[in-house]
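In: Structure for the following, please:
(one chain, ligands or ions: 1)
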Amino acid sequence: MSNFYDKVTGKGWLRRHDGVAAFTVTEVAATLTVATLVIIFFSWLVKKLIIKTKPSLPLPPGPIGWPILGHLLFIKPDFLQYVTKQSQIHGPIIKLQLGRKVYIIISSPSIAKQILKDHDAIFANRDIPVAAIKGTFGGLDIVWRSNGPELHKLRKLVVSEIMSNKSLDACYEFRRREIQYMVKNIHGKIGSPINLSEQIFLTAFNVTINMLWGGSLNGEESNLGLEFRDQFKEFVKLMVEPNISDMFPMLRPFDLQGIESKAKKHISWLYGFFELVIEQRKLGEGPNMADSKDFLQQLLELNQTGDVKTSLSMKEINAMLLNIVTGATDTTFTTIEWAMTELLRHPNKLQRVVEELDAIIGDQNIVEEFHLPRLLYLEAVVKETLRIHPPAPLLMPHMSSETTIIAGYTIPKNSNIYFNVWAIQRDAEFWEDPLQFEPERFLNVIEKRNYKGNSFDFFPFGSGRRICVGISMAEKIIMLMLATLLHCFEWELPNGRKPDVKEKLHLLLSKVEPLVVVPISRSSKWRHCG
Ligand code: HEM
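Out: Purely as a prediction, here's the structure:
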């Protein structure tokens with residue numbers, strides 16, 4: 001009987017327990033299809049409802065831009081002024097668009113803290129511009145390297161090998177020698193106007209390269225130092241120039257503005273300079289290395305280890321040298337130049353610095369590094385200078401590696417984030433009389449207001465895992481050089497004119513006009529300053 005049933009009805013029958021067929025295959029398939037469709041429909045509906053009840057958060061507000069180009073036509077000539085003005089209109093977190101790139105500008109301490117402290121790991125990346133790709137062998141340096149173990153390795157190397165107290169103390173003699181050379185040079189020009197900006201730059205440059213490989217470019221060779229400055233300046237201009245290749249990566253092969261080829265030219269000059277130094281070192285020339293190794297020597301030895309965890313390629317070494325020479329020179333130079341400018345504009349503050357120096361150093365000694373911790377007013381002057389004129393007023397752009405919600409807004413993955421430290425540090429909400437040069441405001445809070453990036457209304461060196469690696473070196477060079485300039489000489493302005501304070505931004509904020517001043521000898525007691 002059952003065989004007969006199977007034959008007639010086939011295997012496809014579903015039977016009731018009494019053996020009677022209940023559904024056909026077609027009926028079952030139809031039922032399943034309908035059920036699937038119903039499920040899909042309901043999950044779509046649920047999704048829709050959820051989205052309706054919980055809408056995705058908006059992008060930050062900002063000015064209206066042009067289709068495709070976005071805000072490209074508005075950001076020149078002064079990006080810093082433009083974003084500061086837009087933040088005053090649209091609020092402390094704003095969005096700009098340049099081609100396909102999203103730029104987020106932060107100008108509030110609490111939002112900066114959310115990003116640099118609470119979500120630090122997500123925002124610790126960099127979106128490397130085409131010119132910097134060329135200049136750093138595709139991001140092999142510290143500044144442009146993506147966040148990760150390799151970056152950690154390089155940062156650790158710099159912090160523990162060059163920036164440790166031991167290493168900095170070991171090369172104090174280099175700093176001292178270069179600064180004394182500067183004093184001698186200025187002394188030879190007593191009574192005539194000098195371009196102090198140039199002097200400060202060359203000394204900062206020589207101090208840095210002396211610490212790195214025991215070299216310096218003085219006398220005739222100082223032109224090479226100035227040429228280095230100009231080549232690097234041109235390279236930086238190209239890095240910050242709005243580049244169609246960055247905004248529309250598919251156009252990169254055409255290099256429409258010629259930025260990539262120009263960057264190549266400047267960068268070849270700069271690396272040519274390092275290659276010469278490295279070649280000389282390989283030939284055994286350079287300072288006597290019997291007792292200690294300078295940083296270049298340590299880097300070159302890391303090139304020869306077979307250990308992948310610590311070894312460095314020659315490209316990495318070159319890229320790091322560029323970071324350190326330029327990172328250390330331009331920023332410290334700019335800070336000293338601004339501090340001198342502000343003091344010359346505020347004779348009563350200058351007088352207070354000189355009194356402090358005379359009390360602590362006296363008229364028979366030169367400034368030594370062991371004096372520095374006692375120069376509290378001078379330290380306040382440096383902090384006030386970094387508050388009003390932060391050398392990196394937008395820090396370095398950070399990049400988000402995930403879409404993240406910040407302050408109620410969606411920050412898309414791969415956005416470029418700028419922190420407007422310049423505006424925050426001049427905000428009347430956090431600073432009394434913010435535009436006044438008032439070092440006294442730091443005197444009672446000198447410990448609290450430090451450079452560690454833990455107070456988000458004063459963070460000229462950044463904060464979090466991309467904070468500057470050169471803070472301790474910067475502090476020493478700036479304080480020693482300023483103290484020496486102010487202890488050894490009196491300064492007069494040619495024709496009694498106040499120095500101007502016009503600023504211009506090319507990644508770093510510098511003075512438009514160089515500082516030209518007349519050095520005056522302090523009494524005959526200051527013989528050591530000659
Ligand atoms: C007044 C002096 C200086 C100031 C104001 C300054 C400021 C800064 C700032 C704002 C950043 C970016 C932080 C960020 O991305 O959030 C930075 C990064 C950096 N600085 Fe400095 N800096 C100074 C001196 C130095 C010196 C002396 C060196 C020498 C080694 C140096 C080397 C670097 C390097 C290598 C980075 C990249 C760090 C990274 O991306 O992980 N800086 N600095």
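In: Any stretches of this structure with poor pLDDT?
Out: 1-55, 285-292, 306, 523-528, 530 (pLDDT under 70).
In: could you show me where the strands are in it, in order?
Out: Assigned by DSSP state E, the chain shows strands spanning 14-15, 21-23, 93-98, 101-106, 194-195, 398-399, 404-406, 409-411, 416-419, 489-492, 503-506, 508-511, 516-521.
In: Let me have those in CSV, adding distance to N348 and mean neighbour count as columns.
Out: Placement of C-beta: from N, CA and C, glycine included. Listed next are the strands of the chain as CSV, based on distance: least, Cβ to Cβ, whole Å; neighbours: other Cβ atoms under 10 Å:
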stretch, distance to N348, mean neighbour count
strand 14-15, 101, 12
strand 21-23, 100, 13
strand 93-98, 39, 23
strand 101-106, 36, 24
strand 194-195, 24, 16
strand 398-399, 40, 22
strand 404-406, 43, 17
strand 409-411, 45, 20
strand 416-419, 33, 24
strand 489-492, 15, 16
strand 503-506, 24, 16
strand 508-511, 22, 19
strand 516-521, 18, 18
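In: Export those to a markdown table and append columns for distance to the ligand.
Out: Shown next, in a markdown table, are the strands of the chain (distance: least, Cβ to the nearest ligand atom, whole Å):
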| stretch | distance to the ligand |
| --- | --- |
| strand 14-15 | 68 |
| strand 21-23 | 68 |
| strand 93-98 | 17 |
| strand 101-106 | 11 |
| strand 194-195 | 21 |
| strand 398-399 | 6 |
| strand 404-406 | 16 |
| strand 409-411 | 16 |
| strand 416-419 | 7 |
| strand 489-492 | 21 |
| strand 503-506 | 13 |
| strand 508-511 | 9 |
| strand 516-521 | 21 |
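In: Can you say which of those is nearest to K166?
Out: strand 508-511 (29.6 Å; Cβ to Cβ).
In: which residues are in contact with that closest one?
Out: Residues outside strand 508-511 that contact it (Cβ atoms under 8 Å, 6 or more residues apart in numbering): 80, 197, 236, 330-331, 334, 337-338, 341, 389-393, 422, 500-504.
In: Identify the residues contacting the residue nearest the centre of the chain.
Out: The centroid of the chain falls nearest to M396 when counting by Cα atoms, centre = their mean (3.5 Å). Contacts for M396 (Cβ under 8 Å, 6+ apart) come out as 126, 143, 462, 466, 507.
In: Closest one to the ligand out of those residues, please.
Out: G462 (2.8 Å; Cβ to the nearest ligand atom).
In: who in this structure is up against the ligand?
Out: 142-143, 155, 323-324, 327-328, 331-332, 335, 391-392, 395-396, 460-462, 466-470, 473-474 (Cβ under 6 Å from any ligand atom).
In: Mind checking which of those residues land in helices?
Out: Among these, the members falling in helices (DSSP state H) are 155, 323-324, 327-328, 331-332, 335, 473-474.
In: Between those residues, identify the one with the most neighbours.
Out: Compared across these, T332 has the highest neighbour count, 26 neighbours, by other Cβ atoms under 10 Å.
In: close enough to count as contact, that residue and T203?
Out: No: using Cβ atoms under 8 Å as the test, T332 is too far from T203 to be in contact (9.5 Å).
In: Find residues that contact each of those two.
Out: With Cβ under 8 Å, 6+ apart, T332 and T203 have common neighbours M481.
In: ok, residues contacting stretch 362-374?
Out: By Cβ under 8 Å, 6+ apart, stretch 362-374 touches 172, 175-176, 180, 183, 357, 360-361, 476, 479-480, 483-484, 487-488, 522-523, 525-526, 528-529.
In: mind listing which of these are in helices?
Out: Per DSSP H, those map to helices at 172, 175-176, 180, 183, 357, 360-361, 476, 479-480, 483-484, 487-488.
In: R345 is in contact with P499, correct?
Out: Yes: counting by Cβ under 8 Å, R345 is a contact partner of P499 at 6.4 Å.
In: These two: which is more packed in?
Out: Taking other Cβ under 10 Å, P499 and R345 do not tie; P499 has more neighbours (21 against 15).
In: and of the ones in helices among the residues of the chain next to the ligand, the nearest to R281?
Out: Closest to R281, out of all of those and judged by Cβ to Cβ, is I324, at 15.7 Å.
In: Please name the residues that touch the closest one.
Out: Counted by Cβ under 8 Å, 6+ apart, I324 has contacts 158, 162, 208, 212, 295, 470.
In: Tell me which of these fall in helices.
Out: 208, 212, 295.
In: so the last one makes contact with N210?
Out: No: at 10.7 Å, F295 does not count as touching N210 under the criterion of Cβ under 8 Å.
In: Now do the shared contacts for these two.
Out: Residues touching both F295 and N210 (Cβ under 8 Å, 6+ apart): there are none.
In: just to revisit the earlier point, dump the ones in helices among the contacts of I324 to CSV, plus neighbour count and distance to L251.
Out: Output for the ones in helices among the contacts of I324, formatted as CSV (neighbours: other Cβ atoms under 10 Å; distance: Cβ to Cβ, whole Å):
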residue, neighbour count, distance to L251
T208, 25, 37
L212, 23, 38
F295, 20, 40
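In: measure L283 to K315 for me?
Out: 21 Å (Cβ to Cβ, to the nearest Å).
In: do the same with Q436
Out: 47 Å.
In: Of the two, give the one with the bigger neighbour count.
Out: K315 (14 against 11).
In: What's the separation between the more buried one and Q298?
Out: 17 Å.
In: Also I190?
Out: Taken as Cβ to Cβ, the span from I190 to Q298 is 41 Å.
In: re the thing from before, now which of the contacts of stretch 362-374 would you call buried?
Out: For these, a burial check counting by 16 or more other Cβ atoms under 10 Å picks out 175-176, 183, 357, 360-361, 476, 479-480, 483-484, 487-488, 522, 526, 529.
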